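A.B. asks: I would like to see how this sequence folds:
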Amino acid sequence: MKDVLVPIDKAGRVVLPKGVRDELAINPGDLLKISIHGNEVRLHPNRQAAGFVKRGRALVFSTGGTDLLENGAVETVRTFERGGAGSFISKGLPSQRRK
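C.D. replies: Numbering: from 1, shown residues only. This next block holds a predicted model:
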C-alpha cells in the first residue's frame, strides 16, 4: 500500500483509511499498540499470534484476536474428529492391540 497522509483532529485523533484497516484486519474495538522510534510513531494491532498456545496445563487454539468460535463451528470440528473423518491423523502410527 502506498503512503497516505491523514489529518489529526483537534482531539489528536487519526482515522485509519479503510484500505489499511482491511489489509490488517483491524475492526472497531480492536486495540493498537503505539511505539515511538526516533521521530516515527508506529501503530501495531495488539494481537496474539494465531495457533496453538499453552494455557495452564492445556494446549488450546487461539485465533490471535478476541473473536470466539461459534458453537456450530466447534460442534462441526468435534463431529469431524469423533467420526471416521478424523482418523487420517492417526494413520501411520502403530495401532494399539486390544486385550
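
A.B. asks: can you pull out the strands in the protein?
C.D. replies: Using DSSP state E, the strands of the chain run over residues 32-37, 40-45, 51-55, 58-62.

A.B. asks: Out of those, flag the one nearest residue 20.
C.D. replies: strand 40-45 (9.3 Å; CB to CB). Backbone N, C-alpha and C define where each C-beta goes, glycine included.

A.B. asks: Within the sheet, what are the partner strands of that closest one, with directions?
C.D. replies: Sheet pairing of strand 40-45 (DSSP bridges) gives strand 32-37 (antiparallel).

A.B. asks: picking up where we left off before, out of the strands of the chain, which gets nearest to residue 24?
C.D. replies: Of the strands of the chain, nearest to residue 24 by CB to CB is strand 40-45, at 5.8 Å.

A.B. asks: now that closest one: mean pLDDT?
C.D. replies: Strand 40-45 carries an average pLDDT of 89.

A.B. asks: in its sheet, what does the worst-scoring helix or strand of the chain on mean pLDDT sit against?
C.D. replies: One helix or strand of the chain scores below all others by mean pLDDT, DSSP states H and E: strand 51-55, with a mean of 71. Taking DSSP bridges as the criterion, strand 51-55 forms sheet pairs with strand 58-62 (antiparallel).

A.B. asks: Tell me how far the partner strand lies from the chain's centre.
C.D. replies: The chain centroid and the centroid of strand 58-62 are separated by 13 Å, computed with CA atoms, centre = their mean, to the nearest Å.

A.B. asks: Tell me how many other residues surround residue 75.
C.D. replies: By other CB atoms under 10 Å, 11 other residues sit near residue 75.

A.B. asks: about what we covered before: a markdown table please, covering the strands of the chain and showing distance to residue 2 and mean neighbour count.
C.D. replies: Shown next, in a markdown table, are those (distance: least, CB to CB, whole Å; neighbours: other CB atoms under 10 Å):
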| stretch | distance to residue 2 | mean neighbour count |
| --- | --- | --- |
| strand 32-37 | 21 | 9 |
| strand 40-45 | 17 | 11 |
| strand 51-55 | 31 | 9 |
| strand 58-62 | 32 | 10 |
